[in-house]
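Novice: Pasting the sequence and the predicted coordinates here, then a few questions.
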Amino acid sequence: MALDPRHPVLVGVGFTSQDTDDPTQGADVIDLMARAAQAAGDDAGVPKILSAVERILVARGTWAYPAPGRHVARRIGANRARTVRVSLGIPQQSLINEALMAIAAGELDVAMVVGGEARRREVLAQRAGIDLPESDQHELEPDEDRPINVADEFMTMSEREARVVLATHQYPLIENALGHAEGRTLEENQHDIATLYEGFDAVAGKNPRALFAGGRTAEFLRRPSAANRPIAFPYNKWHVTQMNVDQSVALLFCSVDVAREHGIDPERCVFPHVAVESTLAVSLSCRRDMHRWEAMKVLGEAAVGHIGRPLSSLEHAELYSCFPVAVRIQQRELGFPLDSVPTITGGMAFAGGPLNSFVFHETGEMAVRLRDHPGETGVVGAVSGLLTKPGLSVWSTTPFEAGPLFGDLKEQAKAATPVVESISGYTGPATIATYTVLYEKQTPATVAVIADTPDSTRCVAVAADADLAASAISEDIIGQSIRVSGTTFEV
């Protein structure tokens with residue numbers, strides 16, 4: 001088939017990691033990102049293409065460096081590159097889509113997306129009382145520092161006032177809502193979660209870049225223990241992202257004609273068939289069906305309509321895995337079998353989950369997998385926020401005859417997502433719509449709920465009731481009547 005010379009392709013993937021126990025001997029995050037960028041050029045087989053990079057998009061992490069992209073540009077000799085630092089809350093998929101769409105539109109020829117963390121090094125230094133030197137970024141500034149849209153509401157005032165705002169609060173709330181909606185007992189739901197993640201850990205054991213593969217059984221994963229401390233019911237340590245890692249990744253994109261001009265081996269090229277997202281932001285307590293993610297279903301239906309086959313029929317899949325429920329809801333919304341193990345990395349608990357750059361890792365890993373299986377196709381699911389803004393991409397070493405599908409489907413997602421009003425300062429009766437139990441050390445201590453009011457609005461409240469907390473990890477309390485007073489409640 002004749003290819004549009006502007007067709008964008010992924011031609012280089014660079015990974016870096018470190019596991020030294022001496023933080024003074026490790027590299028900082030911008031050095032890791034620069035090394036990943038250099039590795040992406042090597043992976044393309046033509047390192048000289050790095051000097052042609054015209055845009056470097058960097059996803060902000062836990063670090064505060066003002067211009068990591070400029071540091072990367074200097075290291076790879078990309079003197080003409082425009083560098084962009086993108087705030088937390090802007091989806092990682094957005095950076096990939098921007099690179100692809102800008103190349104397709106002829107705005108630029110070569111682009112790079114970079115992300116990473118050196119959080120493990122920082123934590124080790126803090127524990128040892130060591131002050132780590134920072135890389136000199138004196139007088140370095142990005143060409144663009146892109147903030148999140150202030151209209152994007154990841155949390156309502158009611159959620160903030162009740163302090164039910166952490167990912168380790170909200171994802172368990174979604175998980176328990178899912179189990180209840182499907183008529184599963186707490187024991188059955190915990191079994192499903194543990195079985196899924198036993199499969200993820202087994203995949204991580206085959207991934208040479210996985211940091212925490214350990215042959216963990218479903219029984220181990222299910223039960224809280226000293227080696228698997230409870231986080232928030234029903235989750236324990238090895239259900240959640242292990243984000244204290246030193247990992248970076250760079251993705252190198254160019255047009256087909258530029259790949260040819262630089263002599264890149266066609267076998268290195270991975271083609272996007274689909275790269276879509278929804279930047280609609282709806283806070284958890286405002287979603288009428290908290291066990292659903294209609295926006296992801298919209299993306300899945302668009303992808304299926306474009307490629308003409310179910311996503312579950314594709315040979316390879318990596319669904320974003322910050323928490324088990326993220327995987328489980330993507331399975332349901334995208335039509336995957338519920339007993340599938342949709343990962344090639346092992347997931348963020350076992351492969352390692354650097355904050356705000358794992359989508360780049362899973363996309364890079366998919367490219368590596370597809371090069372090893374030419375002609376096959378893989379799907380990558382992306383999550384931003386608290387199961388808020390989804391992304392979805394489909395890739396292959398073979399171009400799609402109809403060309404790629406790009407876009408932000410937020411209007412379609414908005415039309416498909418039923419919402420309710422979440423109110424603060426509510427006093428009166430309510431019914432628990434979902435809940436989680438928070439711990440003090442390994443003891444159940446506090447219950448956090450999202451509740452329905454008689455006026456069909458929602459409120460968020462907590463109860464520091466150890467007896468209720470202890471009973472709620474063995475008996476589902478969704479549907480129970482409570483009395484709310486502002487940010488607190490009692491049964």
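Specialist: Thanks, I have the structure now.
Novice: Can I take it that F212 is in a strand?
Specialist: No. Assigned with DSSP: H, G, I helix; E, B strand; the rest coil, F212 falls outside any strand and is coil.
Novice: pretty sure it is in contact with G347, am I right?
Specialist: No. Here F212 lies out of contact with G347, judged by Cβ atoms under 8 Å, at a distance of 9.8 Å. In this view, the C-beta of every residue, glycine as well, is placed from N, C-alpha and C.
Novice: Just give me the residues shared between the contact sets of the two.
Specialist: Common neighbours of F212 and G347, using Cβ atoms under 8 Å, 6 or more residues apart in numbering, are A204.
Novice: Give me the more crowded residue out of the two.
Specialist: Higher neighbour count among F212 and G347: G347, with 35 against 18, using other Cβ atoms under 10 Å.
Novice: list the contacts for the more buried one?
Specialist: By Cβ under 8 Å, 6+ apart, the residues touching G347 are 197, 200, 203-204, 321, 327, 353.
Novice: Same question for it, what's its three-state structure.
Specialist: Under three-state DSSP, the three-state class of G347 is coil.
Novice: do you know how far it is from N189?
Specialist: Separation of G347 from N189 (Cβ to Cβ, to the nearest Å): 19 Å.
Novice: Not counting its neighbours along the chain, what's nearest T398?
Specialist: Nearest residue to T398, sequence neighbours excluded (Cβ to Cβ, 6 or more residues apart in numbering): G375, at 5.3 Å.
Novice: I misspoke; the intended subject was Y171.
Specialist: Once flanking residues are discounted, Y171 sits nearest to F323: 3.9 Å by Cβ to Cβ, 6+ apart.
Novice: ok, back up a step: is it true that the residue nearest to T398 touches P399?
Specialist: No. Applying Cβ under 8 Å, one finds G375 not in contact with P399, separated by 11.2 Å.
Novice: Comparing those two, which residue is more hemmed in?
Specialist: The neighbour comparison of G375 against P399 (other Cβ under 10 Å) goes to P399, with 19 against 9.
Novice: tally of neighbours for the residue nearest to the more buried one when sequence neighbours are not counted?
Specialist: Excluding the flanking residues, the one nearest P399 by Cβ to Cβ, 6+ apart is F271, at 4.4 Å. For F271, the tally of surrounding residues (other Cβ under 10 Å) stands at 21.
Novice: C-terminal to the helix or strand hosting F271, what's the next element?
Specialist: Here F271 sits within strand 271-277, counting by DSSP states H and E. Later in the chain than strand 271-277, the nearest helix or strand by DSSP H and E is helix 294-307.
Novice: Find out how far that following helix is from the centre of the chain, if you would.
Specialist: Distance of helix 294-307 from its chain centroid, counting by Cα atoms, centre = their mean, to the nearest Å, is 18 Å.
Novice: So what are the sheet partners of the next helix or strand after that helix and their directions?
Specialist: Where DSSP H and E defines the elements, the next helix or strand beyond helix 294-307 is strand 316-318. When sheet partners are counted by DSSP bridges, strand 316-318 sits next to strand 377-384 (parallel).
Novice: Packing partners of the very next helix or strand once past the partner strand?
Specialist: Where DSSP H and E defines the elements, the next helix or strand beyond strand 377-384 is strand 389-396. Applying 3 or more Cβ pairs under 8 Å, 6 or more residues apart in numbering; DSSP states H and E, we find strand 389-396 packed against helix 92-104, strand 271-277, helix 294-307, helix 358-372, strand 377-384.
Novice: what do you get if the cut-off is 7 Å, keeping everything else the same?
Specialist: For strand 389-396, the packing partners by 3 or more Cβ pairs under 7 Å, 6 or more residues apart in numbering; DSSP states H and E come out as strand 271-277, helix 294-307, helix 358-372, strand 377-384.
Novice: most packed of those?
Specialist: strand 377-384 (a mean of 26; mean count of other Cβ atoms under 10 Å).
Novice: Would you map the strands across the stretch 151-300 of the chain?
Specialist: In the stretch 151-300 of the chain, the strands defined using DSSP state E, counting those that start in this stretch lie at 230-232, 235-236, 246-255, 271-277.
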